[in-house]
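J.: Provided below for reference: sequence and predicted model.
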Amino acid sequence: SHMVMPSGPTEMRGGRGRAVFCGGMTPSVVNTIDKVEIATTGNAVDFGDMSAAALCSGGTGMCSSTRGVYKFGSSPDTSTVSKVIEFVIISSSGGTNDFGDATVAKKESNSLSNSTRGLIFGGTITPETNVIEFITIASTGDGTDFGDMLQAARGMGGVGNTTRGLIASGYNGSSYINTIEFVTIATTGDSQDFGDLSGARMNTAAVGSGTRAVFGGGYTSNPHINSLEFVEFATKGNVTDFGDFSTGGGERGATSNNVRGIFGGQHSGSSPNRLNNIEFITIASAGNASDFGDLTETRSGSVGLGDAHGGLGD
């Protein structure tokens with residue numbers, strides 16, 4: 001007799017593939033953390049809580065195969081803006097632990113990561129900033145300067161594979177943005193031009209496999225957008241149409257298991273303007289998003305963290 005070791009990507013054979021959705025607004029700001037298993041469908045269940053509900057507006061997050069890292073944003077009235085970073089262990093349930101601080105207090109930043117490093121970029125300190133900083137996810141400590149984006153902006157969407165990170169959309173203080181920029185995650189330096197989205201917007205959600213990035217939703221002052229579009233990480237260029245969400249809107253929490261991308265909650269721009277829906281796509285194909293289930297409560301601006309996303313490899 002002999003033992004046969006399991007084969008295939010980890011997220012498809014068990015042990016990884018969980019997503020957690022952290023914080024958001026109902027419209028009251030909440031510190032709730034929900035969890036789902038990405039390979040299945042169904043409603044989210046409670047994971048635990050973050051330490052500071054009052055600062056969970058405009059946060060962002062990064063994830064390795066074991067640890068999710070959350071950078072706080074601000075209070076809803078922006079009277080308090082945070083630089084605090086906390087982390088959770090994705091495979092367990094419970095609250096957050098102290099990680100360190102960003103270089104400055106800011107809100108509406110976004111982020112991306114591979115298995116080693118997380119990047120936090122942009123946001124507003126009044127006015128918007130173009131700073132990119134990085135952390136080492138397995139350790140704890142403060143952010144370190146990485147470089148600069150092509151322009152100062154807030155409300156971008158970020159996604160990475162093992163090598164390259166993409167930064168798309170945003171608002172620069174006077175106009176919405178349609179550009180996609182890229183960085184090489186393992187190095188430091190300024191971002192470079194990659195291509196364009198089909199139109200200018202902010203608060204686009206982003207998910208990815210090891211080869212493909214998908215950008216979905218977002219909004220301008222009017223309307224709220226329901227389209228999904230994609231690029232291949234290895235080649236520079238403009239997006240290609242992927243499909244549509246069931247409704248338009250931005251401020252979705254988003255992550256993936258390298259095969260499937262999921263999007264939780266949103267600000268729809270209509271009544272009711274915040275939703276608890278979770279939708280999913282199959283990243284390698286193209287088509288409209290499908291129903292997955294519901295978050296534990298209606299909210300927008302949740303941050304999605306997944307322990308098997310495309311930046312982590314197999």
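T.: Nice, I can see it. Numbering: from 1, shown residues only.

J.: which stretches of this structure have low pLDDT?
T.: Low-confidence segments of the chain, defined by pLDDT under 70: 1-15, 54.

J.: same thing but at 50, please
T.: By pLDDT under 50, the low-scoring segments of the chain are 1-14.

J.: show me where it has helices.
T.: 10-13 (DSSP state H).

J.: T96 contacts Y70, doesn't it?
T.: Yes: look at T96 against Y70 with Cβ atoms under 8 Å: they come within range, at 6.7 Å. In short, each C-beta sits where N, CA and C put it, glycine included.

J.: now G250: how far from R212?
T.: Noted for G250: a distance of 21 Å to R212, by Cβ to Cβ, to the nearest Å.

J.: before we move on, back to that, who's more crowded, T96 and Y70?
T.: Shown here are T96 and Y70; by other Cβ atoms under 10 Å, Y70 has more neighbours (27 against 23).

J.: which ones are touching that one?
T.: For Y70, the contact set (Cβ atoms under 8 Å, 6 or more residues apart in numbering) comprises 22-23, 50, 59-61, 85-88, 96, 303, 305.

J.: try 7 Å
T.: 22, 50, 59, 61, 85-86, 96, 303 (Cβ atoms under 7 Å, 6 or more residues apart in numbering).

J.: please apply the same query to T41.
T.: T41 neighbours (Cβ under 7 Å, 6+ apart): 292-293.

J.: likewise for S74?
T.: 55, 57-58, 80-82, 107.

J.: show me which pair in these is furthest apart.
T.: Of all pairs drawn from these, the greatest distance, 11.4 Å, lies between G58 and T80 (Cβ to Cβ).

J.: more neighbours, the two?
T.: Comparing G58 with T80 by neighbour count (other Cβ under 10 Å), the higher total belongs to G58, at 30 against 16.

J.: tell me the spatial nearest neighbour of the more buried one, not counting adjacent residues.
T.: G73 (3.1 Å; Cβ to Cβ, 6 or more residues apart in numbering).

J.: quick one, phi psi at the one you found?
T.: Main-chain dihedrals, G73, degrees, to the nearest 10: phi -110, psi -100.

J.: ok, now which ones touch it?
T.: 55-59, 82, 107-108.

J.: can you tell me how far it is from K35?
T.: On the measure of Cβ to Cβ, G73 and K35 end up 21 Å apart.

J.: for N226, same thing?
T.: Distance from N226 to K35, by Cβ to Cβ: 26 Å.
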